[in-house]
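Enquirer: when you get a sec, could you give me coordinates for this:
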Amino acid sequence: MDFDVAFLVSTFVKLVDAVPMTLALFAASVSLGALFALGITYCRVSGGLLLSTFARAYVFVFRGSPLLIQMFLIYYGLGQFPAVRHSLFWPVLRDPFSCAVLALALCTAGYQAEIMRGGLQAVPAREIEAGRAAGMSGLLLFRRIIAPIAIRQALPAYSTEVILMVKSTALASLVTVWEVTGTAQRLISQTYRTMEVFLVATLIYLLINFIIVRLMAFAEYRLSPHLRERPDPASGGGRQGEVHG
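Expert: Residues are numbered from 1 along each chain as shown. Model prediction:
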């Protein structure tokens with residue numbers, strides 16, 4: 001296949017113009033999903049039967065059904081009910097961007113809640129007991145002991161979910177949100193050059209995910225001081241091993 005460099009460059013410029021929409025979808029859905037996930041995680045670990053059952057059902061429904069169907073149900077399905085069209089929520093539910101964000105957030109909340117629950121369960125009981133023995137309780141114990149360990153344990157899985165959310169924003173094009181994939185499909189319908197356009201779109205997604213992966217790796221490094229490299233005592237600690245004449 002003979003690639004036209006000028007066409008690739010122009011396609012890259014056009015798709016880059018859609019990157020802010022992709023990032024807006026990603027940031028809004030991940031942030032809103034994290035808020036939902038916090039509530040679901042609280043319900044799951046609260047110990048109450050009713051709250052725990054609700055959390056389990058939520059996770060089962062949104063992890064067990066395709067995101068595409070969820071998005072279609074929210075955007076195309078809810079508008080069929082007159083009560084919804086005459087409610088205060090209709091200005092939000094009739095907007096494609098808002099519906100896409102809501103669908104993405106509800107879906108990722110189910111996954112994030114399980115990641116958060118796994119992080120909390122990974123906190124060693126002896127660490128909590130040591131904190132209590134030091135006089136910590138309540139919010140202080142959570143802030144100084146539980147939260148830092150839980151975040152460190154959950155971060156690798158959470159970074160994977162974040163990357164999946166970047167790729168999931170491509171589904172928003174099916175509800176007329178013109179992000180990178182939607183713009184690429186529109187270019188293909190105009191030029192019939194599927195391979196070149198999708199290769200450029202792939203490159204853009206790879207660049208976005210590369211930046212996110214590096215940011216998540218940096219966050220994991222900052223939150224894990226015990227895993228950082230320390231000076232090797234056998235080497236004499238740098239200048240300390242030098243012989244001065």
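Enquirer: and the contacts of the lowest-mean-pLDDT helix or strand in the chain?
Expert: Lowest on mean pLDDT, DSSP states H and E among the helices and strands of the chain sits helix 138-141, with a mean of 81. Outside helix 138-141, the residues that touch it by Cβ atoms under 8 Å, 6 or more residues apart in numbering are 128, 131-132. Glycine gets a C-beta too; all of them are placed from N, C-alpha and C.
Enquirer: put the buried members of those into a ChimeraX selection.
Expert: ChimeraX command restricting those to the buried ones, with burial defined by 16 or more other Cβ atoms under 10 Å:
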select :128,131
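Enquirer: mind listing the helices for this protein?
Expert: 5-16, 19-45, 49-64, 67-72, 82-85, 90-93, 96-121, 125-133, 138-141, 147-168, 180-191, 194-222 (DSSP state H).
Enquirer: residue nearest the centroid of the chain?
Expert: Using Cα atoms, centre = their mean, the residue of the chain that lies closest to the mean C-alpha position is Val162, 2.7 Å off.
Enquirer: from Ala147, how far off is it?
Expert: In this view, Val162 and Ala147 are 19 Å apart by Cβ to Cβ, to the nearest Å.
Enquirer: do Val5 as well
Expert: 51 Å.
Enquirer: could you do Val175 as well?
Expert: For Val175, the distance to Ala147 - Cβ to Cβ - is 36 Å.
Enquirer: go on, Phe72?
Expert: On the measure of Cβ to Cβ, Phe72 and Ala147 end up 37 Å apart.
Enquirer: neighbour count: Val5 and Ala147, which is higher?
Expert: Between Val5 and Ala147, counted using other Cβ atoms under 10 Å, Ala147 has the larger neighbour count: 15 against 7.
Enquirer: count of neighbours near Tyr76?
Expert: 11.
Enquirer: per-residue confidence at the residue nearest to it when sequence neighbours are not counted?
Expert: Using Cβ to Cβ, 6 or more residues apart in numbering and skipping residues adjacent in sequence, the residue nearest Tyr76 is Val175, 7.9 Å away. Val175 is assigned 91 on the pLDDT scale.
Enquirer: show me where pLDDT drops low in this protein?
Expert: 1-2, 225-245 (pLDDT under 70).
Enquirer: could you rerun that using 80?
Expert: 1-3, 47, 137-138, 223-245 (pLDDT under 80).
Enquirer: before we move on, back to that, please look at the residue nearest to Tyr76 and Pro96 and confirm they touch.
Expert: Yes - under the criterion of Cβ atoms under 8 Å, Val175 makes contact with Pro96 at 4.9 Å.
Enquirer: which residues do those two both contact?
Expert: Tyr75.
Enquirer: neighbour count winner among the two?
Expert: The neighbour count for Val175 versus Pro96, taken as other Cβ under 10 Å, is higher for Val175 (19 against 16).
Enquirer: residues in contact with the more buried one?
Expert: 71-72, 75-76, 96, 99-100 are the contacts of Val175 under Cβ under 8 Å, 6+ apart.
Enquirer: which among these end up buried?
Expert: The buried subset of the contacts of Val175 - by 16+ other Cβ under 10 Å - is 71-72, 75, 96, 99-100.
Enquirer: distance to Ser137 for those - can I get that in TSV?
Expert: Below are the buried ones among the contacts of Val175 laid out as TSV (distance: Cβ to Cβ, whole Å):
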residue	distance to Ser137
Met71	44
Phe72	48
Tyr75	46
Pro96	48
Cys99	43
Ala100	43
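Enquirer: which residues outside stretch 113-131 are in contact with it?
Expert: Contacts of stretch 113-131 (Cβ under 8 Å, 6+ apart): 36-38, 40-41, 44-45, 55, 58-59, 63, 141, 144-146, 149-154, 157-158, 161.
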